[in-house]
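Trainee: I would like to see how this sequence folds:
(one chain, ligands or ions: 1)
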Amino acid sequence: MELRKSVVFGICAVAVFGIGYAVYWDYLRQTDPEFRRKLKKSRKKAAKQKKAAVEESKSKTADFIRGAVEEVTKESFPTDVTAKEKFFMEQVAKGETLFAGGESGYHDAALCFYKALKVYPNPVELIMIYQKTIPEPVFNLVYEMMSVEVKKKQAEYFGNFPPKEMNVRIEEFSQSSTSDDYIRRVLISTKDFAPGDVIFTEQALASALDPSLENGEFCSHCLKELNGADFSDDSDLFGAVYCSKSCQEKAMAEYETLLFTTRDDDSYSNEAKLKELVKSGRVKYPLMIARFLAKMVHEETQKVATGVEEEYSTWDHIERLRFLAVQPSDKESKEITLLRELFKTKVPGMEEFISEERYLMLKGKLMYNAYGIYTEHNMGAIKENLEETMRSSQPTVIGAGFYRVASYIAHSCNPNTETRFPDNNNVLSIVATKPIKVGDELKISYIRVGDRNYSNRRSELETKWRFKCTCIKCMEEAGEVGRSA
Ligand SMILES: C[S@@+](CC[C@H](N)C(=O)[O-])C[C@H]1O[C@@H](n2cnc3c(N)ncnc32)[C@H](O)[C@@H]1O
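Mentor: Numbering: from 1, shown residues only. Got it, this is the predicted structure:
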């Protein structure tokens with residue numbers, strides 16, 4: 001009773017005092033200039049203190065997030081399904097208990113939810129569930145952790161890629177030209193090599209035969225000449241043939257099933273239209289792009305099915321590659337419409353993903369960085385296609401391949417490497433043609449040099465790749481002095 005009385009009393013006293021104080025306050029504010037000055041000063045101070053407190057809390061949160069991402073990067077998570085499920089349930093339950101305890105538990109709760117994401121088979125789906133079920137400040141922390149992780153991974157890209165066993169690293173430097181400043185990326189050797197040594201070997205990220213060779217004589221997947229071998233699939237509307245069971249299976253899993261095996265014999269179907277476009281139009285890039293996009297879908301599906309995620313996605317790899325913007329024409333509009341229609345019925349969201357800008361960028365990257373694939377048995381198989389940018393020092397190519405690492409090699413008319421396709425398929429080897437020391441830049445010839453003079457070579461490079469060749473050979477022949485490429 002005493003306590004209650006004193007409490008009531010206390011409240012009244014504060015209320016009365018409070019009102020009186022407010023009246024006094026108002027009075028002073030209106031009349032006393034000295035008081036107004038002091039008030040302004042103390043308000044400024046309070047605002048400053050508040051700002052400092054907010055900044056401190058922000059910086060503490062940022063430190064916590066960085067630390068959490070660092071911790072999670074180093075942590076090893078369970079790999080088998082039962083252990084994953086157990087770990088997931090534990091983290092979610094812990095997170096719920098922590099946030100239910102109030103704000104002081106938000107940081108640790110977010111860390112639990114972030115860890116749970118690491119073992120959940122479909123993280124995107126889980127994020128959507130989190131958004132609906134956990135308090136907004138906790139969700140924002142989880143979201144922030146994810147974006148810090150993505151930024152960290154991207155910033156470390158050239159430290160992690162290419163893998164050490166490829167014997168090369170990528171070096172970046174700024175370059176200024178008359179029209180713009182840009183970053184050049186080149187390939188540097190991390191080992192010594194003698195002429196004839198294979199520096200690295202690389203699988204194609206995407207490749208396609210010259211459409212005139214999609215005639216049953218070459219493997220549609222690895223581009224190898226069939227020589228009698230014939231693996232094909234009746235359900236394949238494209239009519240692709242393969243040199244081995246393994247190529248057939250890979251093509252089916254990665255892109256062919258998605259692109260061409262919807263049982264729709266209608267000649268107006270999108271599948272039939274793509275086939276028609278590729279085979280009659282002598283264009284391989286729409287097919288390469290369709291395969292590339294299908295492979296991306298496959299990558300995502302695999303990730304969900306197996307819970308195993310590659311460190312960098314296909315998209316991460318192509319993002320850093322230089323390209324020439326392809327100018328949109330009727331041809332590109334037709335290609336875009338066709339691919340959007342084709343994917344629309346197969347993969348939700350893909351129609352929106354294939355925007356004009358993205359398609360042109362992708363086409364530009366593929367065309368600008370592709371290597372011409374030549375094999376021993378096809379000399380004279382097709383004429384050189386002068387309209388396309390495709391790096392090749394060989395007169396005849398059977399198709400084009402797009403490679404993650406070799407794309408970075410710069411041109412020289414006096415190169416120290418060359419491309420080889422030792423298995424007569426799309427697997428590329430970069431081979432030393434001169435002695436190479438650790439730290440040397442790898443150079444390749446994008447064009448046939450032969451006995452062509454420098455202005456002839458420069459003109460082809462200017463037309464196709466839009467740069468003026470400043471290699472030693474060109475500079476010497478042109479009587480130019482200065483820095484060489
Ligand atoms: C296919 S990309 C090769 C990757 C490129 N090195 C990069 O910076 O990402 C071709 C581009 O590299 C640059 N490049 C390659 N060889 C060059 C050279 N000899 N002189 C000047 N620029 C060159 C040009 O910008 C050219 O358009």
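
Trainee: C-alpha from now on. contacts and neighbour counts both.
Mentor: Noted.

Trainee: what is the neighbour count of residue 475?
Mentor: Residue 475: 17 surrounding residues under other CA atoms under 10 Å.

Trainee: equivalent analysis for residue 67, please.
Mentor: A count of nearby residues for residue 67, using other CA under 10 Å, gives 13.

Trainee: list the contacts of it.
Mentor: Neighbour list for residue 67: empty [criterion: CA atoms under 8 Å, 6 or more residues apart in numbering].

Trainee: which SSE is it in?
Mentor: Here residue 67 sits within helix 33-74, counting by DSSP states H and E.

Trainee: quick one: name whatever helix or strand follows that helix.
Mentor: Taking DSSP H and E, what comes next after helix 33-74 is helix 81-100.

Trainee: quick one: neighbours of the residue nearest to residue 89 when sequence neighbours are not counted, just the number.
Mentor: Sequence neighbours aside, residue 116 is the residue nearest to residue 89 in space, at 7.8 Å (criterion: CA to CA, 6 or more residues apart in numbering). Using other CA under 10 Å, residue 116 is surrounded by 22 other residues.

Trainee: ok, residue 117 - contacts?
Mentor: Neighbour list for residue 117: 88, 123, 126-127 [criterion: CA under 8 Å, 6+ apart].

Trainee: if we go to 7 Å?
Mentor: Applying CA atoms under 7 Å, 6 or more residues apart in numbering to residue 117 gives the contacts residue 123.

Trainee: one more: residue 116?
Mentor: Residue 116 touches 88, 91-92, counting by CA under 7 Å, 6+ apart.

Trainee: distance of the residue in the stretch 1-150 of the chain that the ligand sits nearest to relative to residue 69?
Mentor: Closest residue of the stretch 1-150 of the chain to the ligand, CA to the nearest ligand atom: residue 150 (22.1 Å). Going from residue 150 to residue 69 by CA to CA, to the nearest Å gives 10 Å.

Trainee: tell me which of those two has more neighbours.
Mentor: The neighbour comparison of residue 150 against residue 69 (other CA under 10 Å) goes to residue 69, with 23 against 13.

Trainee: related to what we said a few turns ago, tell me what the host helix or strand of the residue of the stretch 1-150 of the chain closest to the ligand is packed against?
Mentor: Taking DSSP H and E as the criterion, residue 150 maps to helix 136-155. Applying 3 or more CA pairs under 7 Å, 6 or more residues apart in numbering; DSSP states H and E, one finds that helix 136-155 contacts helix 33-74, helix 106-119.

Trainee: coming back round to it: just the pLDDT at the residue nearest to residue 89, thanks.
Mentor: Here the pLDDT value assigned to residue 116 is 94.

Trainee: the one 4 residues further on now?
Mentor: pLDDT recorded at residue 120 is 86.

Trainee: which residues of the chain score low on pLDDT?
Mentor: Applying pLDDT under 70 to the chain flags residues 1-32, 35, 178-179, 262-267, 281-283, 304, 307-308, 377-389, 395, 481-485.

Trainee: break down it into its strands, ranges please.
Mentor: Along the chain, the segments classed as strands by DSSP state E run 168-176, 181-189, 198-202, 206-209, 231-232, 241-242, 371-373, 399-402, 410-411, 417-420, 428-432, 443-444.

Trainee: what does the stretch 351-485 of the chain put close to the ligand?
Mentor: Residues of the stretch 351-485 of the chain lying near the ligand by CA under 6 Å from any ligand atom: 368-369, 407-412, 465-467, 469-471, 485.

Trainee: so of these, which ones are in helices?
Mentor: Judged by DSSP state H, helices contain the following of these: 368-369, 465.

Trainee: compare the residues you listed and tell me which is most surrounded.
Mentor: Highest neighbour count within these: residue 369, with 26 neighbours (other CA under 10 Å).

Trainee: circling back to that earlier point, any chance of the strands of the chain in JSON lines with mean neighbour count as columns?
Mentor: Converted to JSON lines, the strands of the chain look like this (neighbours: other CA atoms under 10 Å):
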{"stretch": "strand 168-176", "mean neighbour count": "15"}
{"stretch": "strand 181-189", "mean neighbour count": "17"}
{"stretch": "strand 198-202", "mean neighbour count": "18"}
{"stretch": "strand 206-209", "mean neighbour count": "27"}
{"stretch": "strand 231-232", "mean neighbour count": "18"}
{"stretch": "strand 241-242", "mean neighbour count": "24"}
{"stretch": "strand 371-373", "mean neighbour count": "27"}
{"stretch": "strand 399-402", "mean neighbour count": "27"}
{"stretch": "strand 410-411", "mean neighbour count": "20"}
{"stretch": "strand 417-420", "mean neighbour count": "22"}
{"stretch": "strand 428-432", "mean neighbour count": "22"}
{"stretch": "strand 443-444", "mean neighbour count": "24"}
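
Trainee: and of those strands, who's closest to residue 335?
Mentor: strand 206-209 (16.2 Å; CA to CA).

Trainee: partners of the closest one in the sheet?
Mentor: strand 399-402 (antiparallel) (DSSP bridges).

Trainee: returning to that earlier point: any buried residues in the helix holding residue 150, and which?
Mentor: Counting neighbours by 16 or more other CA atoms under 10 Å, one finds that the buried residues in helix 136-155 are 138-139, 141-146, 148-149.

Trainee: correct me, but residue 209 touches residue 398?
Mentor: Yes: with contact defined as CA atoms under 7 Å, residue 209 counts as touching residue 398 (5.9 Å).

Trainee: now the nearest residue to residue 305 once chain neighbours are set aside: how far from residue 331?
Mentor: Excluding its sequence neighbours, the residue lying closest to residue 305 (CA to CA, 6+ apart) is residue 121, at 7.1 Å. Distance of residue 121 to residue 331, given as CA to CA: 40 Å.

Trainee: ok, residue 460 next?
Mentor: 24 Å.

Trainee: among these two, which residue is more densely surrounded?
Mentor: Legend: neighbour count by other CA under 10 Å for residue 460 and residue 331, higher for residue 460 (20 against 8).

Trainee: number of residues surrounding the residue nearest to that one when sequence neighbours are not counted?
Mentor: Nearest residue to residue 460, sequence neighbours excluded (CA to CA, 6+ apart): residue 447, at 7.9 Å. Per other CA under 10 Å, the neighbour tally for residue 447 reads 20.

Trainee: then residue 92?
Mentor: By other CA under 10 Å, the residues close to residue 92 number 20.

Trainee: count the neighbours of the closest residue to it other than its chain neighbours for me.
Mentor: Distances taken as CA to CA, 6+ apart place residue 113 nearest to residue 92, at 5.9 Å, with adjacent residues excluded. Other residues near residue 113 come to 25 when the count uses other CA under 10 Å.

Trainee: can you check residue 309 too?
Mentor: 13.
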